[in-house]
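Asker: please find the sequence and the predicted model below.
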Amino acid sequence: MAVEPHPAAGERNHAHRFIAIWIVASLIATPLVVLLIGPIMPPGNGSTQASGHVTDNTVLIGMATPVLLLVLIYLIYAIVYFRAPKGGEAILEGPAVRGNSGVQSTWIVITSILVLALAVYGTVRLLEDGAGSGQGPSPAWPASGKKLPVQVIAQEWAFTYRYPTFGGVETDHLVLPVNQTAELHVTSLDVIHSFWAYQLGVKADANPNVDNVVFVKPTRTQTFEVRCAELCGIWHGFMSDHGRVVQPAVFEAWAREQQKRFAGTAKYLPPYSTKYVPEPARRAE
């Protein structure tokens with residue numbers, strides 16, 4: 001008796017072919033993405049923290065590339081090989097696949113490894129050199145070495161900056177020396193704001209009566225933008241400023257000049273403190 005051929009005898013092994021295509025595409029695309037797109041990822045290399053952000057973004061986009069290719073290649077493969085022929089019979093849906101312990105175990109193991117690896121990597125990178133993020137009044141992992149303390153004071157709708165090592169002088173622009181770590185104490189006089197120096201890779205919430213510490217080490221002379229990143233009232237969109245990173249000698253001369261410039265108003269400032277009680281609350285005392 002003639003033996004009927006199995007319906008799948010002439011079928012291609014689509015799973016093996018798809019996986020092979022995906023692996024080859026990932027091996028080609030991932031290095032290209034890391035090498036070509038990674039260096040131009042935001043926020044640039046204006047500080048040690050900003051460079052760290054670029055590295056982190058490059059790692060994330062490198063890990064995301066194979067995942068993105070997996071989805072795109074599957075869609076293209078399905079469109080090419082499983083589409084209904086023009087004028088032919090409709091292709092019926094195949095039998096549902098359930099209870100494949102091998103596939104389930106592989107999926108759980110791979111996704112768990114990816115998530116845990118990113119969690120560990122992200123935690124270490126976040127704590128390294130302050131990573132440009134506010135760590136509250138007692139940083140868990142402060143930056144090492146000598147630091148220049150600067151207080152960032154937010155209020156509706158401007159930022160001002162106090163330099164305790166220069167007599168507590170308060171200025172209307174942030175100026176920092178290059179290649180020196182600054183310890184920024186971010187606070188607010190009224191509502192919640194957020195200090196964001198984009199090119200320096202620094203962002204920290206400014207809360208009233210709270211000292212939020214963030215570290216940054218500029219690595220080149222530059223002009224950078226400062227913006228409020230928290231909706232704080234009607235003029236929130238205009239709460240912006242420009243800061244500068246200069247050579248240490250230039251910074252020293254600038255700071256001394258600011259002390260002389262604001263000497264007449266310094267006596268009206270409250271004593272330097274890492275945090276201030278908002279004015280309405282002070283009146284109620």
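Answerer: Thanks, I have it. None of these values were measured; they are calculated from a predicted model.
Asker: any residues touching the helix or strand where Leu27 lies, and which ones?
Answerer: Per DSSP states H and E, Leu27 falls inside helix 14-32. The contact list for helix 14-32 (CB atoms under 8 Å, 6 or more residues apart in numbering) reads Gly62, Thr65, Pro66, Leu69, Leu70, Ile73, Tyr74, Tyr77, Tyr81. The C-beta positions use only the backbone N, C-alpha and C, and glycine is treated the same way.
Asker: ok, and for it, which residues are buried?
Answerer: Within helix 14-32, the residues scored as buried using 16 or more other CB atoms under 10 Å are Phe18, Trp22, Ala25, Ser26, Thr30.
Asker: now stretch 55-72
Answerer: Neighbour-count burial for stretch 55-72 [16+ other CB under 10 Å]: Asp56, Thr58, Val59, Ile61, Gly62, Thr65, Pro66, Leu69.
Asker: same question for stretch 82-89.
Answerer: So for stretch 82-89, nothing qualifies as buried (16+ other CB under 10 Å).
Asker: the helix or strand harbouring Met63 to helix 14-32, inter-axis angle?
Answerer: Using DSSP H and E, Met63 maps to helix 48-81. Angle between the axes of helix 48-81 and helix 14-32 is 150 degrees (criterion: axes from the mean of the first three to the mean of the last three CA atoms, to 10 degrees).
Asker: output the contacting helices and strands for helix 48-81.
Answerer: Where contact means 3 or more CB pairs under 8 Å, 6 or more residues apart in numbering; DSSP states H and E, helix 48-81 is packed against helix 14-32, helix 101-127, strand 212-216.
Asker: mind doing that once more with 7 Å?
Answerer: If contacts are counted by 3 or more CB pairs under 7 Å, 6 or more residues apart in numbering; DSSP states H and E, helix 48-81 sits against helix 14-32, helix 101-127.
Asker: ok, now which ones touch Ser240?
Answerer: By CB atoms under 7 Å, 6 or more residues apart in numbering, the residues touching Ser240 are Glu225, Val226, Arg227.
Asker: what sits up against stretch 242-262?
Answerer: 163, 166-167, 169-171, 173-178, 180, 197, 218, 220-226.
Asker: coming back round to it: nearest to Val120 among the buried residues of stretch 55-72?
Answerer: Nearest to Val120, judged by CB to CB, of the buried residues of stretch 55-72 is Val59 at 12.1 Å.
Asker: so who does that closest one touch?
Answerer: Tyr121.
Asker: re the thing from before, any of the contacts of stretch 242-262 buried? List them.
Answerer: 163, 166-167, 169-171, 174-178, 180, 197, 218, 222, 224, 226.
Asker: quick check: closest non-adjacent residue to Trp141.
Answerer: Leu127 (3.9 Å; CB to CB, 6 or more residues apart in numbering).
Asker: for that neighbour, the count of nearby residues, please.
Answerer: Leu127 has 15 neighbours, counted by other CB atoms under 10 Å.
Asker: do Ala154 as well
Answerer: There are 26 residues near Ala154, going by other CB under 10 Å.
Asker: assumed it was part of a strand.
Answerer: Yes - counting by DSSP: H, G, I helix; E, B strand; the rest coil, Ala154 is found in a strand.
Asker: rewinding a little: can you put the contacts of Ser240 in JSON lines and add distance to Pro39 and secondary structure?
Answerer: Written out in JSON lines, the entries for those read as follows (distance: CB to CB, whole Å; DSSP: H, G, I helix; E, B strand; the rest coil):
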{"residue": "Glu225", "distance to Pro39": "21", "secondary structure": "strand"}
{"residue": "Val226", "distance to Pro39": "25", "secondary structure": "strand"}
{"residue": "Arg227", "distance to Pro39": "25", "secondary structure": "strand"}
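Asker: save those residues as JSON lines, and put in distance to Val97 and pLDDT too.
Answerer: Formatted as JSON lines, these follow (distance: CB to CB, whole Å; pLDDT from 0 to 100):
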{"residue": "Glu225", "distance to Val97": "53", "pLDDT": "95"}
{"residue": "Val226", "distance to Val97": "55", "pLDDT": "95"}
{"residue": "Arg227", "distance to Val97": "51", "pLDDT": "95"}
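Asker: gap between the most centrally placed residue in the chain and Gln199?
Answerer: Nearest to the mean C-alpha position of the chain, counting by CA atoms, centre = their mean, stands His53 at 5.8 Å. Distance of His53 to Gln199, given as CB to CB, to the nearest Å: 11 Å.
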